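> Need coordinates for the below:
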Amino acid sequence: MNRNLTLSLLLASCIAAAAGTTFAQSATPMSSAPSLAPSASQAAPTSEAPLANQSMLYPGDDFQLGPGDLINVRVFLQTDYQATVRLGPEGIVELPFIGNVSLKGITVREAQNLIAQRLRDGGFFRDPVVIIQVLESINGSVIITGEVKYVVPVTGPRRLIDVISTAGGLPANASHTLRIIRAGPDGLEKTIVVNLGADLTASSDAGMLVYPRDIIQVSRAGLVYVLGAFKNQTAVPLDQATPLTLLQLAALSGGIGFEGAYSDLRLIRTEGDKRVVVKVDIKKIRDGKEPDPVLQANDIVFLPTDDIKAMLKNLGVGGLLGIVSLLYTIHNY
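Numbers count the residues shown, from 1 in each chain. Got it, this is the predicted structure:
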């Protein structure tokens, strides 16, 4: 009996020791360092590079597709069917199984239904759900051409001044008379001419709305042509924001030559289909006796040459001294 009791006590001690060890291993001490590995419910976030401009990933089912659009086409729950294609000049894409499909001028929703119908009719899928994702689109942008070259992404109407500001504004050599080419509902293009004036911020037309697919043409500012007795005969571009006067033009051209007929300067201006010639005295303008006229695009400033002054200029200092010496000799003879 004593022997059995001893064995029972020994067995109980072993069980207790084993239980204590297990408890010690399973318990987490308060002072232990926290684990650096994230748990399944707190996995570290992963970032993936976007496939396209985020503003264009989901432009809406009513977005109208057009040439140049880059789209991704896939079938819901069918991982083996997807294609990334760009609409050609005629709005045609080539898709797996069904070949060429014209998507020009239809919305994303209509394109999804059309492709699903083609897949269904071909017997490739029983009831496919087609998803189209727009990755790139010039049709969701305003294109600026000419002296400013920029593509401004837009998802709806925006003010003209905002679009121009996004493109960096108008340079000094750009005209402030813009042309906006817009496609109408019938597919025909119309041209809208907008004159922003010298101060864009004060122009009422700067607030007009532009829309996706509009094309803004920025032409070069008008030139003023300098001919005759100026140091440099050249064409000077007009800065639309700053008026250019006749004296300023003379300075930009290197100044007036000695041989110029100051009282016979001619300002040739085009008015409609006619040329108007105005004679001015640039010496009086320089002396403040007459107003300094503001020049316009395509003005021609011509300063004729005074024959006597031109001859004296050609003779030079040595020639003049020779003439003076000859006259002096004749006078004393």
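> okay, which residue is most central for this structure?
Compute the mean C-alpha point of the chain, and by Cα atoms, centre = their mean the closest residue is Y150, 2.0 Å away.
> Going along the chain, name the helices of the stretch 201-333 of the chain.
Using DSSP state H, counting those that start in this stretch, the helices of the stretch 201-333 of the chain run over residues 246-252, 282-286, 307-332.
> Which strand residues bridge the residue nearest to the centre of the chain?
With DSSP bridges as the criterion, Y150 is bridged to I144.
> How about R179?
Note on R179: beta-bridge partners V193, Q217, judged by DSSP bridges.
> tally of neighbours for it?
R179: 16 surrounding residues under other Cβ atoms under 10 Å. To be clear about C-beta, it is placed using only N, CA and C from the backbone, and glycine gets the same treatment.
> which residues sit in contact with it?
Residues counted as contacts of R179 (Cβ atoms under 8 Å, 6 or more residues apart in numbering) are T191, I192, V193, V194, I216, Q217, S219.
> Mind telling me the two of these farthest from one another?
The distance between the two most remote of those (Cβ to Cβ) is 14.3 Å, for I192 and S219.
> Where does pLDDT dip in this protein?
Flagging of the chain using pLDDT under 70 yields the residue ranges 1-59, 138, 155, 187, 240-241, 308-328, 331-333.
> quick revisit: distance of the residue nearest to the centre of the chain relative to I131?
32 Å (Cβ to Cβ, to the nearest Å).
> what's in contact with stretch 111-119?
Outside of stretch 111-119, the residues within contact range by Cβ under 8 Å, 6+ apart are 61, 65, 73, 75, 95, 97-98, 101, 103, 106, 125, 128-132.
> Next: stretch 257-274.
Residues outside stretch 257-274 that contact it (Cβ under 8 Å, 6+ apart): 228-231, 246, 256, 275-284, 293, 295-296, 298-306, 309-310, 313.
> Quick one, which of these are buried?
228-230, 246, 256, 280, 282, 293, 295, 299-306, 309-310, 313 (16 or more other Cβ atoms under 10 Å).
> Could you tell me which of these belong to strands?
The strands, defined by DSSP state E, take in G228, V280, I300, V301, F302, L303 from the buried ones among the contacts of stretch 257-274.
> Looking at these, which is nearest L87?
Using Cβ to Cβ, I300 comes nearest to L87 of these, at 48.8 Å.
> Give me the number of neighbouring residues for the closest residue to that closest one other than its chain neighbours.
Distances taken as Cβ to Cβ, 6 or more residues apart in numbering place I268 nearest to I300, at 4.0 Å, with adjacent residues excluded. With neighbours defined by other Cβ under 10 Å, the count for I268 comes to 15.
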